[in-house]
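Asks: A structural model of the following input is requested.
(chains A and B)
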Amino acid sequence: MDLFENDATGIAALVRSKSVSAVEVATTYLARAERLNGLLGAFILLNQEVINQARKIDDKISKGIDVGPLAGVPVAVKDLLCTKDIRTTAASKILENFVPPYSATVVERLEAKGAVLLGKTNLDEFAMGSSNETSAFGVCRNPWNREYVPGGSSGGSAVAVASRMCPLAIGTDTGGSIRQPASYCGVVGLKPTYGRVSRYGIIAYASSLDQAGPMTLTVRDAALALEVIGGPDLRDSTCSQIEVPRFSENISPKMRGLKIGIPRQFFQSGLNGEIERVVRNAEDLLKEAGAELMEVDLPLTDVAVATYYLLATSEASSNLSRYDGVRYGLRADFTKSPAKTLEEFYARTRSEGFGEEVKRRIILGTYALSSGYYDAYFKKAGQVRRLIRDEFLNVFEQCDVIMGPVTAILPFKIGEKVSDPLAMYLNDVYTTSANLAGIPGLSVPAGMTEQGFPVGIQLLAPHFEEQRLFNVATAIEAAAGMKGRLPDVIR
Amino acid sequence: MSSGDWEAVIGLEIHAQLLTRSKIFSPDSASFGGGDNQHVHPVSLGMPGTLPVLNEKAVELSVLIGLALNCRINKQSVFARKNYFYPDLPKGYQISQFDVPLCENGYIDFFVDGEPMRVEITRAHMEEDAGKSTHHGDGTLLNYNRAGVPLLEIVSAPVIRSPAVAAEYVRAIRRTLRYLEACDGNLEEGSLRCDCNVSIRQKNNPQLGTRVEIKNINSFRFIEKAIEYEIQRQIDLVETGQRVVQETRLFDSVKNRTYAMRSKEDAHDYRYFPDPDLLPLEISSSWIEKLRLGLPELPFQRVRRLQIDFGLSHIDASHLADERELGDYFEEAVKVCSNPKSTCNWIMVELLRELNLGKIEIKNSPVSPKNLGSLIQFIDQGTISGKIGKLVFAEMWSSGRRPDQVIEEKGFVQVSDNSTLEKIIDEILAKNSGQVEQYRSGKEKVFGFFVGQVMRETKGQANPDLVNSLLLKKLRPPL
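Replies: Predicted coordinates for the structure are as follows:
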């Protein structure tokens, strides 16, 4: 087996047992990423320092120091996470040359457990998008068919893992941005419970919804990664004080007696037939394994997208106001025609720096928050959000896990939906409610379409019950036979 | 229509900088000064991905102030974002409190010309300060040292009717904050900033007139002057058939007038919403009660107590209660000498003069309250005269020694011995027979001359009462 076919757990085991050096691992992956990135556009930046980082890991190992469960594992981090002294762009021109003097907590924790930073992955600008086409640094391509989108916004991270440029990547999920590209690219993607993972150092899109999570080749890796990146953080007041259990050691694929809820509303018109087939197939697999399947009701599903876009854009309009050209990042060129007013200074910088989708969302959010509309939009959306959360809590009285599709449609061609933002927003119909409710959600590959695209299945659990997701996902992983399938492009 | 028909309606917003070591949401220093952009942390600069973490000390000081201002402390309050663009506002929004502030519905009592006065306080909410812009020709320089410094904004109800009361109100707030050691109240350094809302209306008209805000006035005198000017300006406008425009004005202390800064047309829509990076602030009743028990006696109560307990005049009591340390000093000195009136005089005249001259804070006074009390005791017991007392005080001030040490070393003990004094007086009378004749022939003014001679002879140490009675006796015409 080639080195790159290992999952993160496998690589760490090889490095810790000195079967292979961390430097060798890093060199292999860096070369592979350099070769494939031109085809796929998964990375905005590759970190040449990764070899030096790996050397330090080897030094420690040779001295008998335990470097942690991710020993020598090259990780790719969505370029929305700040990396100390390494350029961090959020895929926006406005942050083109921003080099943060601090790292995100997630990055610090990965490095503290032996991981080395391979690079910064591509994304939709400021994580706003579901196709990775809004990046200021070029589109990212789906490794199963390069004419197609990889999904987004964590498209680069999904592609990096799917094409084995690294075994572990970090994405962020605000309305499905980990789960949807994970499904489109055939990797495991976890959006943890809101507050499970610190947001410190993650460039904010919608603060009350954003959550970082792992994108991996195996469910076991996702569990291990969450153990590393999760847990209380004094620098994030919204981060939960609850300690992270040893998920990876507690995975149990035993399905007997487990109640799995299938929301009726996830199977209405608009759902692609092939996706439905994969989900129904998974239902059968789980039933055979002894799980009890039941239909459940989530009637607020059809208002989730509207609620999500009101809240997310409102928060975004505020979060993005700091990009004004005053302190860092892009400033419009005023040498030829100086700005006459402060407003002009801001307007020119922001007009130049932000892409269309970002501008669209800032304007939407500004509108929803403005006086006279606040009550009708922002406040109302907040009330609906509470109802959606309550709806989930009610359903989880009946079942342990909810299962359904991740997306309504299959990967589409690059450019195909660019002019129809509303259609793209609607593709988030099954993912946004988990962010609104704050519950964890996971996408695990469960089948292939006739066109040769992987299809993921979404699992949802109550707050802080990620273990249930790992358990069910492991059962699907084992039964669906998707593990180890490689897209042709990477051979 | 005469001006007498008009009534001013004044409300004040006071921004008090809380005396914390670090900023409200970040670990950088909150102290004044420092090099340009020296106290800046990625969090207070609002750099991408950074998140605010609330400083507990800032909450504690805010609750203390709220309690001292008789406010209801909300056990759950909410931090909101106030969105607007300005270069010295790093995040593009200020974290403040809006719908649910920490403190609500309070009041403060204070004295105006000896009469008690109460002003209702609508609310007091926590927020972060912005940075500072300085404009130089075409360019603007930004200093973010102040960005993120914790503030409490104290908002009065629009119940003040006169400029003098407005100024007294601000003084009373400042005094209270300083008693609590929650704010140093330094107007020049901006740690206490005051905005005044002024409108006029005809007396007996319950409806409020158009309001004008005067921003950032940095002295008590200017508060009074700015409001005075503004009231008159508004009356003049209305009486000449014009109308008052809602706007923000600034006060020019040189020309003694207010001028327009921006009109309401430029007013922002702040798009307040709860800050998703901060959970609602929850505080327990037990913590509030603990802080309540730790409240010191406040100035208003202290003035009353000083009057009652020590029989001081209102003016004396007010002076002593103006600063917590001054009042403490007084009370400690009185404990030693039990002479409040004299202690008050000594503090007001001698001690404050020296402190002011040397720009020394009372807590660093070389003369301790105990030593001052003991000095007063020596005077009251007749060990030294009041005059000598001043010499002793000067020596105590420069050397920091106890009065008994100074008296003994300098031999300042008062001469109260009859035979010694009689001997001196006899000699003086013999040497000045002319003056003796004058006195006996009715020029009683000459008496002072003899007293002076005795004092000179005894280097001021003669007991003045004794000198008087002995002189009277000796100068009586021989029978």
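Asks: state the number of residues packed around the residue of the stretch 51-200 of chain A found nearest chain B.
Replies: Relative to chain B, the nearest point of the stretch 51-200 of chain A is A:C82 (4.6 Å; CB to the nearest CB). C-betas here are computed from N, CA, C, even on glycine. For A:C82, the neighbour count with other CB atoms under 10 Å in any protein chain shown is 29.
Asks: residues from the stretch 301-450 of chain A in reach of chain B?
Replies: A:314-315, A:317-318, A:320-322, A:324, A:326-328, A:342-343, A:346, A:366, A:369-371, A:374, A:378 (CB under 8 Å from any CB of the partner chain).
Asks: now do 10 Å
Replies: Contact residues, the stretch 301-450 of chain A versus chain B (CB under 10 Å from any CB of the partner chain): A:311, A:314-315, A:317-329, A:338, A:342-343, A:345-347, A:350, A:365-374, A:378-379, A:382.
Asks: I'd like to know how far whatever residue of the stretch 301-450 of chain A ends up closest to chain B sits from A:I94.
Replies: At 2.6 Å from chain B, A:S321 is the closest residue in the stretch 301-450 of chain A, using CB to the nearest CB. Noted for A:S321: a distance of 12 Å to A:I94, by CB to CB, to the nearest Å.
Asks: and those two? which has more neighbours close in?
Replies: A:I94 (26 against 22).
Asks: with adjacent residues omitted, what lies nearest to that one?
Replies: A:G353 (3.0 Å; CB to CB, 6 or more residues apart in numbering or on different chains).
Asks: of the residues of the stretch 301-450 of chain A next to chain B, grab the buried ones for ChimeraX.
Replies: Remark: buried members of those, expressed as a ChimeraX selection using 16 or more other CB atoms under 10 Å in any protein chain shown:
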select /A:311,314,315,317,318,319,320,321,322,323,324,325,326,327,328,329,345,346,350,365,366,367,368,369,370,374,378,382
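Asks: shared neighbours, A:S321 and A:I94?
Replies: Residues touching both A:S321 and A:I94 by CB atoms under 10 Å, 6 or more residues apart in numbering or on different chains: A:R350.
Asks: and the residue of the stretch 51-200 of chain A closest to chain B, how far from A:N47?
Replies: 14 Å.
Asks: find residues that contact each of these two.
Replies: A:K120.
Asks: show me the shaky parts of the chain.
Replies: Chain wasn't specified; assuming chain A. Across chain A, residues meeting the criterion (pLDDT under 70) sit at A:490-491.
Asks: nope, chain B please
Replies: B:1-4, B:263-267, B:479.
Asks: which residue does it have closest to chain A?
Replies: Closest point on chain B to chain A, by CB to the nearest CB, is B:G92, at 2.6 Å.
Asks: pull the contacting residues for that residue.
Replies: A:317-324, A:326, A:346, B:46, B:81, B:83-86 are the contacts of B:G92 under CB under 10 Å, 6+ apart.
Asks: just give the nearest non-adjacent residue to it, would you?
Replies: A:S321 (2.6 Å).
Asks: so the residue nearest to A:I94 touches A:F98, yeah?
Replies: No: counting by CB atoms under 10 Å, A:F98 is not a contact partner of A:G353; they are 11.1 Å apart.
Asks: in terms of neighbours, single out the busier of those two.
Replies: A:G353 (24 against 19).
Asks: give me the nearest residue to A:L14, chain neighbours excluded.
Replies: Leaving aside its chain neighbours, A:L14 sits nearest to A:V20 (4.6 Å; criterion: CB to CB, 6+ apart).
Asks: so that neighbour makes contact with A:D2?
Replies: No: with contact defined as CB under 10 Å, A:V20 does not count as touching A:D2 (11.7 Å).
Asks: show me where the stretch 251-400 of chain B has strands.
Replies: Remark: strands assigned in the stretch 251-400 of chain B by DSSP state E, counting those that start in this stretch are B:257-263, B:273-274, B:281-282.
Asks: and chain A, by the same measure?
Replies: Ranges of strands within chain A are A:43-46, A:74-78, A:116-121, A:168-173, A:188-191, A:211-216, A:259-263, A:292-296, A:401-405, A:441-448, A:454-460, based on DSSP state E.
Asks: burial measure for B:T20, as a count.
Replies: Neighbours of B:T20 using other CB under 10 Å come to 20.
Asks: and for A:P421?
Replies: Burial of A:P421 is recorded as 16 neighbouring residues (other CB under 10 Å).
Asks: quick one: residues contacting it.
Replies: A:P421 sits next to A:G129, A:S130, A:T134, A:E356, A:E357, A:R360, A:R361 when contact means CB under 10 Å, 6+ apart.
Asks: again with B:Q453
Replies: B:Q453 neighbours (CB under 10 Å, 6+ apart): B:I424, B:I425, B:E427, B:I428, B:L429, B:K431, B:N432, B:Q435, B:V467, B:L471.
Asks: what about the residues you listed, which are in helices?
Replies: B:I424, B:I425, B:E427, B:I428, B:L429, B:K431, B:Q435, B:V467, B:L471 (DSSP state H).
Asks: centroid residue for chain A?
Replies: Chain A has A:I178 as the residue nearest its centroid, 2.5 Å off, counting by CA atoms, centre = their mean.
Asks: quick one: it and A:Y184, what's the gap?
Replies: Distance from A:I178 to A:Y184, by CB to CB: 11 Å.
Asks: so what sits against both of those two?
Replies: With CB under 10 Å, 6+ apart, A:I178 and A:Y184 have common neighbours A:G151, A:A158, A:S443.
Asks: what's the burial count for residue 9?
Replies: No chain was given, so I picked chain A. A:T9: 22 neighbours (other CB under 10 Å).
Asks: other chain: chain B
Replies: 17.
Asks: next SSE after the helix or strand containing it?
Replies: Per DSSP states H and E, B:V9 falls inside strand B:6-17. The first helix or strand that comes after strand B:6-17 along the chain, using DSSP H and E, is helix B:56-68.
Asks: and the strands in the stretch 101-250 of chain B, which stretches?
Replies: Under DSSP E, counting those that start in this stretch, the stretch 101-250 of chain B gives strands at B:103-112, B:115-128, B:132-136, B:139-143, B:150-156, B:192-202, B:212-217, B:247-252.
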